[in-house]
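Trainee: Generate a structure from the sequence data that follows.
(2 chains)
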Amino acid sequence: MKGKHRVEYLFASELFGRLVWFVRLRWLAVAGLGLASLLGPSLGVHGASPALLIVALFVGAANLFFTLALRRRKRRELPYDHLLACALRQIVLDLTALIVTAHFTGGLQSPALLFFAFHMAIGTIILPARMMYPLAACTSVAMFLVYFAETRGFLSFHPLDPSRGMCGAACHFNIAALIFALFGVVALTDSVTSRFKKRNVKLWDTTEELKKRTEDLQRSLEQVETVEERKSHYMRISAHQLRSPLATIKTSLQVLTEGYVDPASDRGRKLLQGAAERVDELLATVNDLLELAKIREGLKCAPWAESVNLNQLLADLFDALQPLAEGRSIRLVPSFRGVCILDRGIPPDLVYAFENLMENAIKYSKEGGEVEVRLSREHDRAVIEIEDHGIGIPPGFDEEVLNEFVRAPNARHHAQGTGLGLAIARETMEAHGGSLRLESREGEGTIARAVIPLHGGPPESPETQSESHPQSED
Amino acid sequence: MEEHTNILLIDDDDVFVEAVSAVLESVYRVRRAANGKEGLEMVAAQRPDLIILDVMMDYLSEGFDVARTLRNDTDTATIPIIMLTGVDQVYNLRMEVDESWVPCERYLEKPVAPVELLQQVAEVLESR
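Mentor: Residues are numbered from 1 along each chain as shown, chains lettered A, B, ... in the order given. Down below sits the predicted model:
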């Protein structure tokens, strides 16, 4: 919320409160006028009584109307402009009543003149000064006209003390003093209230800013907590993944060293071989954990990022994986459409990721099957699809298996794996501003679909930004 | 008498199963299952005197589900169970809905020394 709206929102509620107070205060004026009209004759003032009573009744009736009108509304319902108009009407009524009262109580000699200053002060507290200065001017003109009409005989003169006549030259001073007092009170009251108003606006702004900052901080804290929780979970799972094979190795070796099985027997050899396999598993897991850590650190800054030709990268992988595919009688089918060159990429990470995806496709294919690798360009993105016709992923696991150490049940029985390969591939794509999704049907096969923006690349750290700019200028 | 005592070992780690079997076979008869489903089928086929059960197999808490299934069936409810698992007890239990109920007689963390394992098995069988 800004500017005018903010001020209006801030002061509408306050203005409503002041109007209620103003209406209550007016009952005092009604009572005062009534009392003056009743007590007037006993104090020797006779002529003014009927007029004062009429004014009192009139103001009382109007005030009853204002009271009922305010009561019907709820505080939040009334817009600021409406409240201002309401206040303006009430002050105009008060001033009119006061001018009439002044006329019937001696014109410029009336004690009621004091109440003009009073009204100007209240008016300036409730209304903006830009409304009160014209009101002060109108009141001055009106009183001057009353005085003028009284001296010229257009209006009758009602002195409180009939034995005295009009004040004559002294009245010129009275009218000057009245005008000075009207404007002076408005100016003084405005200087005090506007300072308060400004302070209120500033305070409100500061409170809003603080509220926003607190919310931001709260959000950041929640993010940090989530990251911490994830880290801790990751560390625990990692430790478990390392401990399991270690426990197996230890138990196998203990069984052999403590003489339960003869190491030279078939069973002994089987246990030793099993322990060796677990050592290999441990090494693979440790290597993958290191790779994952590297990608995560690389997310923050990648000074070694360079232009990467994906066609070349995938073609090299075809050569490298040919022996593995041949070992399972699987045909690798490339299908490249167009040339995809990333502006900025981290070649070893991309090789590792695509190698993992292609290895998975080969590992989980049925013997004698086919693995197709498609590369195409869609707008400013490279789309790589690796499709196999293997065991597939059970429903509900196609997102899960992209997380660390999650392996689908059918994959565990089918082939060895660290449970980190897909997580590495996903994080590599994300580090390059892209994504990795799996589409799969259990028993029918899987399509791994990687999308990488050609002109995105890993986010640049502030230090590396300046270094990479000259490249784009070339 | 002991060589007629029948122990069922349910664990998906074939090397670990081979090693533990070698230890237990020095005293008992041992049968093996590679996952919860196979394990339950083997219990139904021939009631074992004791079950040694891993927790994390095809999924995170498969062992607990197997133990619950056994305890909820009046025919198998009294078969003693030893949990033998790689994940520590506190963490494992936190994954469970009902933390107050551990559906087993003993909870052992891998690796367990052969002597320790034989002793635990003997104790559980005795207290049957």
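Trainee: make it CA atoms for all contacts and neighbour counts henceforth
Mentor: OK.
Trainee: Around chain B, which positions in chain A sit nearby?
Mentor: Contact residues (C-alpha under 8 Å from any C-alpha of the partner chain) of chain A with chain B: A:240, A:243-244, A:247-252, A:254-255, A:260-261, A:271, A:274-275, A:408-409, A:412.
Trainee: I'd like to know which of these are part of helices.
Mentor: A:240, A:243-244, A:247-252, A:254-255, A:271, A:274-275, A:409, A:412 (DSSP state H).
Trainee: Give me the buried subset of the residues you listed.
Mentor: A:243-244, A:247-252, A:254-255, A:271, A:274-275 (16 or more other C-alpha atoms under 10 Å in any protein chain shown).
Trainee: out of those, who's nearest A:Ser265?
Mentor: Distance to A:Ser265, by C-alpha to C-alpha, is smallest for A:Leu271 among these, at 9.9 Å.
Trainee: And the helices in chain A, which stretches?
Mentor: With DSSP H, the ranges of helices along chain A come out as A:3-39, A:49-72, A:80-104, A:113-126, A:129-152, A:169-257, A:266-300, A:310-327, A:347-363, A:409-414, A:421-431, A:462-473.
Trainee: weakest of these in terms of mean pLDDT?
Mentor: Comparing mean pLDDT across the helices of chain A, the weakest is helix A:462-473, with a mean of 40.
Trainee: show me the contacts for residue 12.
Mentor: I went with chain A, as the question did not name one. A:Ala12 sits next to A:78-80, A:83 when contact means C-alpha atoms under 8 Å, 6 or more residues apart in numbering or on different chains.
Trainee: wrong chain, I was asking about chain B
Mentor: B:33-35, B:54, B:57-58.
Trainee: switch to 7 Å and redo it
Mentor: For B:Asp12, the contacting residues are B:34-35, B:57, by C-alpha atoms under 7 Å, 6 or more residues apart in numbering or on different chains.
Trainee: And what about it, helix, strand or coil?
Mentor: coil (DSSP: H, G, I helix; E, B strand; the rest coil).
Trainee: Not counting sequence-adjacent ones, nearest residue to A:Gln322?
Mentor: Counting by C-alpha to C-alpha, 6 or more residues apart in numbering or on different chains, A:Leu332 is the residue found nearest to A:Gln322 once chain neighbours are left out, at 7.5 Å.
Trainee: isn't A:Gly274 right next to B:Val15, touching?
Mentor: Yes: judged on C-alpha atoms under 7 Å, A:Gly274 makes contact with B:Val15 at a distance of 5.4 Å.
Trainee: could you give the mean pLDDT of stretch B:16-25?
Mentor: pLDDT averaged over stretch B:16-25 gives 94.
Trainee: Do that stretch and chain A come into contact?
Mentor: Yes: on the criterion C-alpha under 7 Å from any C-alpha of the partner chain, stretch B:16-25 is in touch with chain A at B:16, B:19, B:22-23.
Trainee: OK, contacts around the closest residue to chain A within chain B?
Mentor: With C-alpha to the nearest C-alpha as the measure, B:Pro111 is the residue of chain B nearest to chain A, at 4.6 Å. Residues near B:Pro111 by C-alpha under 7 Å, 6+ apart: A:247-248, A:250-251.
Trainee: For it, give me the pLDDT.
Mentor: On the pLDDT scale, B:Pro111 gets 89.
Trainee: any idea which element it lies in?
Mentor: Under DSSP states H and E, no helix or strand contains B:Pro111.
Trainee: swap in the one 10 residues further on?
Mentor: Under the criterion DSSP H and E, the helix or strand holding B:Val121 is helix B:114-126.
Trainee: can you give me the mean pLDDT across that helix?
Mentor: If you average the pLDDT over helix B:114-126, you get 94.
Trainee: could I have that helix exported to PDB, CA atoms only?
Mentor: Below are the C-alpha coordinates for helix B:114-126, written out as PDB (Å, rounded to 0.1, in the frame of the first residue of the first chain):
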ATOM      1  CA  PRO B 114      29.400 -65.000  15.800                       C
ATOM      2  CA  VAL B 115      29.700 -65.900  19.500                       C
ATOM      3  CA  GLU B 116      27.400 -63.100  20.500                       C
ATOM      4  CA  LEU B 117      24.800 -64.200  17.900                       C
ATOM      5  CA  LEU B 118      24.900 -67.800  19.100                       C
ATOM      6  CA  GLN B 119      24.500 -66.700  22.700                       C
ATOM      7  CA  GLN B 120      21.500 -64.400  21.900                       C
ATOM      8  CA  VAL B 121      19.800 -67.200  19.800                       C
ATOM      9  CA  ALA B 122      20.300 -69.700  22.700                       C
ATOM     10  CA  GLU B 123      18.900 -67.200  25.200                       C
ATOM     11  CA  VAL B 124      15.800 -66.500  23.200                       C
ATOM     12  CA  LEU B 125      15.200 -70.200  22.500                       C
ATOM     13  CA  GLU B 126      15.500 -71.000  26.200                       C
END
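Trainee: Could I get the buried residue list for it?
Mentor: Buried residues in helix B:114-126 (16+ other C-alpha under 10 Å): B:114, B:117-118, B:121, B:125.
Trainee: so which of those residues are also by chain A?
Mentor: Applying C-alpha under 7 Å from any C-alpha to those, one finds that B:Pro114 fall near chain A.
Trainee: my guess is A:Asp190 contacts A:Leu127, does it?
Mentor: No: counting by C-alpha under 7 Å, A:Asp190 does not reach A:Leu127; the two are 9.5 Å apart.
Trainee: can you list the residues of chain B near chain A?
Mentor: B:15-16, B:19, B:22-23, B:58, B:86-87, B:110-111, B:113-114.
Trainee: For A:Arg18, state which of those residues is nearest.
Mentor: If you rank the residues of chain B next to chain A by distance to A:Arg18 using C-alpha to C-alpha, B:Val87 comes first, at 69.4 Å.
Trainee: Just among the contacts of B:Asp12, which is most surrounded?
Mentor: Among the contacts of B:Asp12, the one with the most neighbours (other C-alpha atoms under 10 Å in any protein chain shown) is B:Asn35, at 23 neighbours.
Trainee: Could I get the phi/psi values of it?
Mentor: Backbone torsions of B:Asn35, given as degrees, to the nearest 10, read phi -160, psi 180.
Trainee: Identify the residues contacting B:Thr5.
Mentor: B:28-29, B:49.
Trainee: re the thing from before, drop anything exposed from the residues of stretch B:16-25 next to chain A.
Mentor: For the residues of stretch B:16-25 next to chain A, buried by 16+ other C-alpha under 10 Å: B:16, B:19, B:22-23.
Trainee: Would you format those residues as TSV with secondary structure included?
Mentor: Formatted as TSV, those follow (three-state DSSP):
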residue	secondary structure
B:Phe16	helix
B:Ala19	helix
B:Ala22	helix
B:Val23	helix
